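Colleague: below are the sequence and a predicted model for it; my questions follow.
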Amino acid sequence: MAEPKKEKKRPGRPRKPVPAHYLDPSIRRPGPAPKDVDKELFESLCGIWCTIMEIESIMKTDAATIDKWCFRTYGVGFSSAYERLCNSGKASLRRNQLNLSSTNAAMAIWLGKQKLGQSDTPAESAMIEGLLAKYVATLKQGAENTLKRSEIDD
C-alpha cells in the first residue's frame, strides 16, 4: 500500500505578524521624527520670492523634506504651496510701485499703461511723424542744392 505524503515544512523562520503601523495610519511609524519647518519663516521666504535652493540653505534642510512638510502642512506639494504663498510678494511690490508713482513720473506713466490701459495719444505720434517727414525733406532739399552748386562751380 502507498503511504500518504507528508507535508514538507517550509525552510526558514516563521512569518511575523504585520506591524500595527502598516494597518493603522494614526500610529506613528518607526524611524526619526519628521523634521518640522518654521511655518512663518517659510511663508515669508516664499513672499519675497526665494528660490527652493535659497529656502533649503536658510532652513538648513533639503527639498525633499520641504516638500514632505508642505504635504503635511498645506495638503499640497512645494510648488503649489509656493505658487499660492508668493502672491503676498506681488501685493507688496504693487503697493511699493503705487507709493513710488507719487514721486516718480516714469513709474506713474508705466503703471497707467499697464493697469489702466493708457497709451501715448495717436495725435502726438502723428505730429512727431510729420515733424520727422519735414526734417527729412529739408535735409534732402539741402543735399540737392549743394549738388547743384557744385555742378555750377565746375
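Modeller: Nice, I can see it. Residues are numbered from 1 along each chain as shown.

Colleague: what is the neighbour count of Trp110?
Modeller: 14 (other C-beta atoms under 10 Å). All C-beta atoms are positioned from the backbone trio N, CA, C, and that covers glycine.

Colleague: what's the host helix or strand of it in contact with?
Modeller: Here Trp110 sits within helix 105-115, counting by DSSP states H and E. Contacts to helix 105-115, defined as C-beta atoms under 8 Å, 6 or more residues apart in numbering, come from residues Gln97, Leu98, Leu100, Ser101, Ser102, Gln118, Ser119.

Colleague: tell me the first helix or strand C-terminal of that helix.
Modeller: Moving toward the C-terminus from helix 105-115, the next element (DSSP H and E) is helix 122-153.

Colleague: where does pLDDT dip in the protein?
Modeller: Counting by pLDDT under 70, the ranges of the chain that qualify are 1-15, 17-31, 121-125, 152-154.

Colleague: tell me how many other residues crowd Glu43.
Modeller: 14.

Colleague: that one is in what secondary structure piece?
Modeller: helix 39-47.

Colleague: tell me which other helices or strands that helix touches.
Modeller: helix 52-59, helix 63-74, helix 78-85, helix 87-101 (3 or more C-beta pairs under 8 Å, 6 or more residues apart in numbering; DSSP states H and E).

Colleague: let's go with 7 Å and repeat that
Modeller: helix 52-59, helix 78-85 (3 or more C-beta pairs under 7 Å, 6 or more residues apart in numbering; DSSP states H and E).

Colleague: buried ones in the helix holding Trp110?
Modeller: Neighbour counts using 16 or more other C-beta atoms under 10 Å place Met107, Leu111 of helix 105-115 among the buried residues.

Colleague: just to revisit the earlier point, give me the PyMOL select line for the contacts of helix 105-115, limited to the buried ones.
Modeller: Written as a PyMOL command, the selection of buried residues from the contacts of helix 105-115, which uses 16+ other C-beta under 10 Å, is:
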select buried, resi 97+101
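
Colleague: quick one: the contacts of helix 105-115 as TSV, columns for distance to Glu151 too.
Modeller: Below are the contacts of helix 105-115 laid out as TSV (distance: C-beta to C-beta, whole Å):
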residue	distance to Glu151
Gln97	61
Leu98	64
Leu100	60
Ser101	59
Ser102	62
Gln118	53
Ser119	49
